[in-house]
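need a structure here:
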Amino acid sequence: MFVIGNLLQAIAGVLEIVLQLLLIIILVNAVLSWVRPDPSNPIVMFLDRVSDFVCDPIRRLFPTSMGGIDFAPFIAMLLIYFTQRFLVATLQDMALRLG
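Residues are numbered from 1 along each chain as shown. Model prediction:
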């Protein structure tokens, strides 16, 4: 059973890194939206694509724009943080119990 425990530990580690990177990308894109850099810049295009991929479903479900401020990135960051704390911690706990 230790093999499954190690696999779950590895999955939890990779998932934590991916979710942390996603949090950083959304935060950087939100801050950049205040200064609005050149939209044809490849880095800005990448940040917009990734952020929109995460935030668009939230925008479709809820009216997130109030007074010209879009709260979808904030809601997405809260959901990602919750996923990190719940799912990653659960996987790590299961890995410890199996290993």
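
just the pLDDT for L98.
Note on L98: pLDDT of 86.

against F2, how distant is it?
Distance, L98 to F2, using CB to CB, to the nearest Å: 7 Å. Yep, even glycine has a C-beta here, placed from its N, CA and C like the rest.

so for those two, which residue has more residues nearby?
Neighbour totals were compared for L98 and F2, and L98 leads with 15 against 9 (other CB atoms under 10 Å).

so what's the nearest residue to that one once chain neighbours are set aside up against?
Once flanking residues are discounted, L98 sits nearest to G5: 3.5 Å by CB to CB, 6 or more residues apart in numbering. Applying CB atoms under 8 Å, 6 or more residues apart in numbering, we find G5 in contact with M94, A95, L96, R97, L98, G99.

just give me the closest of the residues you listed to S65.
Nearest to S65 among the contacts of G5: M94, at 39.3 Å, using CB to CB.

per-residue pLDDT, L7?
Note for L7: predicted pLDDT of 93.

burial of it, as a residue count?
Residues within reach of L7, counting by other CB under 10 Å, total 14.

what's the helix or strand for it?
Assigned by DSSP states H and E, L7 belongs to helix 2-35.

okay, which residue is most central for the chain?
Per CA atoms, centre = their mean, the C-alpha nearest to the average position across the chain is that of L22, at 3.7 Å.

that one contacts I80, correct?
Yes. L22 lies in contact with I80 (CB atoms under 8 Å); the separation is 5.7 Å.

before we move on, back to that, and the residue nearest to L98, how close does it get to A95?
Separation of G5 from A95 (CB to CB): 5 Å.

what does F46 give?
From F46 to A95 the distance is 32 Å (CB to CB).

between these two, which is the more surrounded one?
Taking neighbours as other CB under 10 Å, F46 and A95 compare with A95 leading, 20 against 12.

quick check, that one in contact with N6.
Yes. The criterion here is CB under 8 Å, and A95 meets it with N6 at 7.1 Å.

for the chain, where's the lowest mean pLDDT among helices and strands?
Every helix and strand of the chain was ranked by mean pLDDT, DSSP states H and E. The lowest is strand 65-66, at a mean of 79.
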